[in-house]
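K.L.:
Next comes the sequence, and after it the predicted model I'd like to discuss.
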Amino acid sequence: MPGSARAEILETIARALKLAARPETLRVESSRNLDQIVLEIRRKCERRRGELLEQFESELQKAGARFHRATDGDSVVEHILQIASVRQTRTAISWDPELFNGIDLAGKLEKNGIGFITEASYDAFVQRAASADIGVSGVDHAIADTGTLVLLARTGQARSVSLLPPLHVAIVRTGQILSSLDDLFPVLRYEGNGELASAVTFITGPSRTADIELTLVVGVHGPQELHVVLLDS
């Protein structure tokens, strides 16, 4: 991530956390005022939908991710199968066997010789995620001006799916794309009834790590590849 973009993200996060720590802010934004703020954010994003989609795609690719566009659930599965074929994937892990209503992702992958994992105890799930070839997840939100994916910690949404396999495929719906982090934090507080989630994962491109000599290595502490499939719905 370019230094200026990284600095901007950290500054915005710090500003949001300071606001969240002030009880008077939470009292104001947990009332109808927060409802109005979020309504205006959603209206603004809907008016700018085409522009935000183009910006999201551009920033996502700048960050090193691959972008795909799907028209329906079947098209999403076809993209996943194509990605899996190129990487010769044998095992996939996901939050939910039916990320898309009426689409049997597990069955279609298994017909193509790809084992599909969704259920296990916590320890076993983490171990299986570490050995899986591909992780498939949804997202809670996406940020257009940085090409960032936002995933919240909650039951049934293990972070290991997006962090441990060498390849991560994230499914984003057009309505989940917000313009900036300034839009995100009011929405998160609204969805959390005035509280921020216990853990929020921000993903901008594949994993990158630099040593003390600033030698950049991809995929050391996370996926080597990030593919985003945008579902127009």
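P.N.:
Alright, I've got the coordinates.
K.L.:
In contact with the most centrally placed residue in the chain: list those residues for me.
P.N.:
The C-alpha lying nearest the average C-alpha coordinate of the chain belongs to residue 149 (C-alpha atoms, centre = their mean; 3.4 Å). Listed by C-beta atoms under 8 Å, 6 or more residues apart in numbering, the contact set of residue 149 reads 139, 141-143, 170, 172, 202-204, 228. Heads up, the C-betas are built off the backbone N, CA and C, glycines and all.
K.L.:
so which strand or helix has it?
P.N.:
strand 148-152 (DSSP states H and E).
K.L.:
do residue 137 as well
P.N.:
Here residue 137 is assigned to strand 134-138, by DSSP H and E.
K.L.:
list the contacts for the nearest residue to residue 198 once chain neighbours are set aside?
P.N.:
Excluding the flanking residues, the one nearest residue 198 by C-beta to C-beta, 6 or more residues apart in numbering is residue 153, at 5.6 Å. Residue 153 makes contacts with 159, 197-201, as judged by C-beta under 8 Å, 6+ apart.
K.L.:
Adjacent strands (with direction) for the helix or strand that the strand holding residue 137 is followed by?
P.N.:
Sequence order places strand 141-143 as the next helix or strand after strand 134-138, per DSSP H and E. Using DSSP bridges, the strands paired with strand 141-143 are strand 148-152 (antiparallel), strand 177-178 (parallel).
K.L.:
re earlier: name the nearest residue to the residue nearest to the centre of the chain, ignoring sequence neighbours.
P.N.:
Once flanking residues are discounted, residue 149 sits nearest to residue 203: 4.2 Å by C-beta to C-beta, 6+ apart.
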